[in-house]
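In: got a sequence here, can you model it:
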Amino acid sequence: MKKIIATLLCAVMLFTGCGFAAFANAAADDVQPAPSITITPEMIQQGAEDLHLGDLIRPLKAIRFTSMDVFGQSMMKVLYGIADFLIDNIVGLLNYITPSKFPAAETYKTENFYKGTDTFLTSPAAGAKWSLGYSSASIQTGNELDGKHYVGGSLSLDKSATSITDDQRVRIVCLNDGSGRGSVVFAAIDAFGISLRDVRIIRERLNDFAKQNNIISINITVLHQHSCVDTLGLNGNLLEMIAKNPAANILNKYLGTDIPLVNGQNPEFMENLFNVTTAAIRDAYNNMETGKLYYSSIYASDYIYDKREPMVKDDYIHRFRFVPDDASSRETWLCNAAIHCVGNGAAGTDITADYPYYMEQTINEQADANFMYYQGAELAITAENDVLDEEYREMDRYYRLRYYGKALGELVINSDAPEKEVAPLLNIRFEEYRVPITNEILIFAAKMGLLTNIAIAKDSHQTSIDVVTEIGYMELGEDIAVAIVPGELEPSIIAFGGALDNTNSYRAEDWNYPSMQEIVGNDRELIVFGLTNDQIGYILTDNDYCSILSGVNEEIVATGDKAGSSTIEAFEKLMDSIK
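Out: The predicted structure follows:
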């Protein structure tokens, strides 16, 4: 954590002078007589937010004297608050004087957004029958070891890929409920993350095909491997970005140029990803055949570890099993669970698709079924290796993740969990929404070109930034619901309930929102499709957003302390539009 902050702040020093000089010259040209100003309560509140006074006030208000231990913890939070205040204001000042060229919020226009089904049915249409198409393709080019491809997963000066252990693939399921309302596409990529900007590039290339074939929803997710080629842009060569991006920002801002910023994405790799994914989606649609869909929840708690309070997780692997009417065709299994793909560590340079790759191998070989994996609400959840035989626990990381994937595959194959048929009914709807970036370090990362998300500016100095993203809701059959979320969702709090209260949360405040399950209603089982159509980082509840120095690592790559409330409010709005 400290190394990351130090690296970013040192980077600032290399170009602050240039940025400040350009800003100062521009400001001098615009000097006008100061008009009279009326101070309003709203202006005072905004000023307090801009100065991050909450960093100081919140821990002071939360001091507790119930015991010496509790008092000591309170005082430590006060020290963290002071440090946060200094960091936020130093980086905030640098953000203020650092040029950038984000689109203005008031001029932003939505493009390549797929709303979903116009109508929500409450029962299957007459004569309805499921149709499903599957396809899978490699997204690797063969050039991944040329020194220009970076491995996602953690910030580093240089994470050029040095070896390839596994393939990286995209897997597609195209689903239709036979109601005549259209088909829905889900694509899962072996990758650390993908932004909405790039999702919409894929959609744009498919627009004509989608219109011709009544495809009403195209959704792209990642399995969030910390050991695949960087498709998000966050993990490139920091030294190169520091050397090139500040100058590009200055020229773009003041000369009106449009020089692209350098980030961790390899342009040739991304172009291949777009082409392969669009072709695979076409193939999946053309491969559609009728059949029946079955659902089961397979208990897997012993394989899943949650490292962050309140230690509540989804204990199941949710399997959707499609059985074609043609007995000679292969079944397709879509498995959904919440387990980080970080078995090979976050800082390595070896390319591996982690445990889902070996889960797929096992299911392909032992069950003769197609396989697709979908991450759930996996904010701080990872693999529990203690469940493995001792001989595997003592192996190196790569062999351990291989065996872990094989163990999960066999768990699913050999499960005796009850299975029910899913009625041919698919409703799906999406809402575009905005998440304020209150994390000054992330604003700086955006100005440095590390973020490829759709970011829009609400002020002239481009220090008040929103990320534009999407949230969705889907119904499968008559009693299954899916929350479709654009990041790494805190499962226990936002999706399934169990929020920390003012006694236990970091900010000593309550979380005054219902869970997604409560919003949906208890007549449907809720599961989560995470990291879909965007990667906006960790989505925490506002009341448990901690200091970046407190020993956690989620906050450093979160948009800030408004991600949870913004997301749940958007979900409520979406559900209101349906009901």
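In: that's a helix at Gly564, yeah?
Out: Yes - assessed by DSSP: H, G, I helix; E, B strand; the rest coil, Gly564 belongs to a helix.
In: hmm, it is touching Glu490, no?
Out: Yes - under the criterion of C-beta atoms under 8 Å, Gly564 is in contact with Glu490, at a separation of 7.0 Å. The C-beta positions use only the backbone N, C-alpha and C, and glycine is treated the same way.
In: show me the common contact partners of the two, please.
Out: Here Gly564 and Glu490 have 539-541 as joint contacts, going by C-beta atoms under 8 Å, 6 or more residues apart in numbering.
In: now these as a markdown table including pLDDT?
Out: Shown next, in a markdown table, are those (pLDDT from 0 to 100):
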| residue | pLDDT |
| --- | --- |
| Ile539 | 96 |
| Leu540 | 95 |
| Thr541 | 95 |
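In: among the residues you listed, who's most crowded?
Out: Tallying neighbours with other C-beta atoms under 10 Å puts Leu540 at the head of the shared contacts of Gly564 and Glu490, with 30 neighbours.
In: scan this protein for its longest helix.
Out: As assigned by DSSP state H, the longest helix anywhere in the chain is helix 68-97.
In: show me the contacts for Thr332.
Out: 132, 134, 173, 321-322, 369-372.
In: following the helix or strand where it lies, which helix or strand comes up?
Out: Counting by DSSP states H and E, the element that carries Thr332 is strand 331-337. The helix or strand immediately downstream of strand 331-337 is strand 350-351, counting by DSSP H and E.
In: show me what that following strand is packed up against.
Out: If you count contacts as 3 or more C-beta pairs under 8 Å, 6 or more residues apart in numbering; DSSP states H and E, strand 350-351 packs onto strand 163-164.
In: what is the rounded mean pLDDT of the strand it packs on?
Out: The pLDDT scores in strand 163-164 average 96.
In: average pLDDT across the longest helix of the chain?
Out: Helix 68-97 shows a mean pLDDT of 92.
In: please apply the same query to stretch 412-419.
Out: Computed over stretch 412-419, the mean pLDDT rounds to 98.
In: how far does whichever strand or helix holds Ala137 sit from its chain's centre?
Out: Assessed by DSSP H and E, Ala137 sits inside strand 130-138. Once both centres are worked out by C-alpha atoms, centre = their mean, to the nearest Å, strand 130-138 turns out to sit 23 Å from its chain's centre.
In: quick check: what element follows the lowest-mean-pLDDT helix or strand in the chain along the chain?
Out: Using mean pLDDT, DSSP states H and E, the weakest-scoring helix or strand in the chain turns out to be helix 2-29, at a mean of 40. Tracing the chain C-terminally past helix 2-29 and defining elements by DSSP H and E, one meets helix 41-50 next.
In: got the contact list for the nearest residue to Ile568 once chain neighbours are set aside?
Out: Sequence neighbours aside, Tyr513 is the residue nearest to Ile568 in space, at 4.7 Å (criterion: C-beta to C-beta, 6 or more residues apart in numbering). When the contact criterion is C-beta under 8 Å, 6+ apart, the partners of Tyr513 are 494, 499, 541, 564-565, 568-569.
In: which SS state does Tyr513 fall under?
Out: Under three-state DSSP, Tyr513 comes out as coil.
In: quick check: phi and psi at it.
Out: Main-chain dihedrals, Tyr513, degrees, to the nearest 10: phi -130, psi 150.
In: try Phe322
Out: Dihedral angles phi and psi of Phe322 (degrees, to the nearest 10) take the values phi -100, psi 130.
In: ranges for the strands of the stretch 151-300 of the chain?
Out: Applying DSSP state E, counting those that start in this stretch to the stretch 151-300 of the chain gives strands spanning 163-164, 169-176, 183-189, 215-222, 289-299.
In: re the thing from before, identify the residues contacting the strand holding Ala137?
Out: Outside strand 130-138, the residues within contact range by C-beta under 8 Å, 6+ apart are 167-178, 183, 276, 279-281, 283-293, 322, 324, 330, 332, 370, 372, 422, 424.
In: and if you look at stretch 471-479?
Out: 116, 120, 123, 184, 219, 293, 295, 320, 422-431, 433, 481-486, 520, 523-525, 529, 532-533, 567, 570-571, 574-575, 578.
In: fine, thanks again, bye for now.
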